[in-house]
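> Quick one, fold the following:
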Amino acid sequence: LILATRTTRTTRTTRKRKEERHERGVQMTTTTTTTLLSSRMTSSCSDIGPSRRRNACATGRGGGKRAMRRERAYNATTTSRAQQKERLSVVTSLNSTVAKRADAMTAFRTHASASEEPKAARKELYKFWEDSERLSILSLWLALFAVATFVAPKTAGSFDTDLITQLVSSPFQGQVNPLFEALFNSLGVIPAVYASLLLPGGGEKQPKLQPKFFVGASFVLGFFALGPYLIARTPVLNGVKKSDLGFFTKNILESKVNALFLTAFSGFLYYWAFSHLLDVSVVSEFVTLLTKQSTLACVSTCDLIILSLVMKTAIQEDLQRRSSSSPEVKPLFYLLPVLGPSLYLLTRPELEE
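Residues are numbered from 1 along each chain as shown. Predicted coordinates:
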């Protein structure tokens, strides 16, 4: 009995201990699970919006799982929207880049075609035979040849050579007829005026005909050398900038100092001629020199007349290069020989920089 009683007590004690251990384990497991769920709910509630946070925190264990699912869905939606926006921005930027490149290529092709047309046009000679004004200049050029060959008096001996020597060695000293001396010196002013009018439209604008050679030769040969260029040159009415000019043209021929010097010298030549115009002996001597004695005097007089007649075309073209409109040239500038063109150089507008 005693042994049975002790065995029964021991068995009961063992059962109680096992039950207590089991209860303690269950309590610890419940506490751990509750702690993990609360921590997950707290983290999920801190990552989602305020309204969803309140709902998730108020729903307990099931609410935590739902909150996690909502969070995942929300994050997935947000990520997909961000990716869509990013892709849309990339596509937009690519489209804008392609559009800019297309516009740039269109502008380049337009500019290239626009620049190639003038170049192609400049490679061809001007069709002067279709221009009545150029044909008139051609007829004057041929007429000057005819005068020099058939009309001008034949010089006896070295008369013209001695005349030129006196003009160069003793200028304005009265040793040569004053009227012819003024006329002869005018043939030095007129080529300088033509140089100021024609050289700004030369260079690359005239690849076939360079005006500097014709203008340079005109200081000696007059209209004989300048006539072919005035006939066959290509009109250049725009696109000339001051920065495109050469050093001599930009700093000398475009200078107002040069224009002032030519105007002053032209005025002096007018004074020298008109101061002797009332002297009958001087006038008769000039007529004899022109018609009977000197080929140089006859041809030089005709040369000056023709150079003055064709001056209007060069002045009109130069004026159009310097203004946006098409103004008319004042008659004073081409009807008054020598002095009128010099006054135009003094008053003409500047070229664009």
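> any idea how far P337 is from R322?
R322 sits at a distance of 23 Å from P337 (criterion: CB to CB, to the nearest Å). Quick note: C-beta positions are derived from backbone N, CA and C, even for glycine.
> which one of these two has more residues nearby?
With neighbours defined as other CB atoms under 10 Å, R322 and P337 compare such that P337 has more, 20 against 15.
> so who does N185 touch?
When contacts are counted by CB atoms under 8 Å, 6 or more residues apart in numbering, N185 touches 167, 171, 265, 269.
> How much space separates L135 from N185?
31 Å.
> same question, L230
Applying CB to CB, the value for L230 to N185 is 22 Å.
> what does F150 give?
27 Å.
> lowest confidence element among the helices and strands of this protein?
Every helix and strand of the chain was ranked by mean pLDDT, DSSP states H and E. The lowest is helix 50-57, at a mean of 48.
> so which strand or helix has F265?
Assigned by DSSP states H and E, F265 falls within helix 256-274.
> In that helix, which residues are buried?
258-259, 261-263, 265-266, 269-270, 272-273 (16 or more other CB atoms under 10 Å).
> which residues sit against that helix?
172, 178-179, 181-183, 185-186, 189, 192-193, 196, 252, 338-339, 342-343, 345-346.
> Next: stretch 230-243.
Stretch 230-243 is contacted by residues 118, 121-122, 125-126, 128, 134, 137-138, 141, 198, 200-201, 205-206, 208-209, 211, 250, 254, 310, 313-314, 317, 320-321, 350-353 when judged by CB under 8 Å, 6+ apart.
> Equivalent analysis for stretch 332-350, please.
With contact meaning CB under 8 Å, 6+ apart, stretch 332-350 is reached by 186, 189-190, 193, 196-197, 242, 254, 256, 258-260, 262-263, 265-267, 269-270, 304-305, 308, 311-312, 315, 318-319, 322-323, 329-330.
> if we go to 6 Å?
Stretch 332-350 is contacted from outside by 186, 189, 193, 196, 259, 262-263, 266, 270, 308, 311-312, 315, 322, using CB atoms under 6 Å, 6 or more residues apart in numbering.
> For those residues, work out which two are farthest apart.
Greatest spatial distance in these: Y270 and R322, 26.7 Å, computed using CB to CB.
> sorry, back to before: please check the contacts of stretch 230-243 and keep the buried ones.
Buried among the contacts of stretch 230-243 by 16+ other CB under 10 Å: 122, 126, 128, 134, 137-138, 141, 198, 200-201, 205-206, 209, 211, 250, 254, 310, 313-314, 317, 320-321, 351.
> Sitting in strands, which of the residues you listed do you find?
Counting by DSSP state E, none of the members of these fall within strands.
> Among the residues you listed, name the ones in helices.
122, 134, 137-138, 141, 198, 211, 313-314, 317, 320-321 (DSSP state H).
> which among those residues gets closest to T161?
Using CB to CB, those come closest to T161 at W141, 25.7 Å.
> what's the closest non-adjacent residue to that closest one?
Spatial nearest neighbour of W141, chain neighbours left out: G227 (3.8 Å); criterion: CB to CB, 6 or more residues apart in numbering.
> Now do the one helix or strand the one you found maps to, average pLDDT.
Under the criterion of DSSP H and E, G227 resides in helix 223-232. Mean pLDDT, helix 223-232: 93.
> Please identify the buried residues of that helix?
Buried residues in helix 223-232, defined by neighbour count with 16+ other CB under 10 Å: 223-227, 229-232.
> same thing with stretch 333-348?
333-334, 336-345, 348.
> go on, stretch 151-169?
Residues of stretch 151-169 classed as buried: 152-153, 155, 160, 163, 167 (neighbour count, 16+ other CB under 10 Å).
> That'll do, ta.
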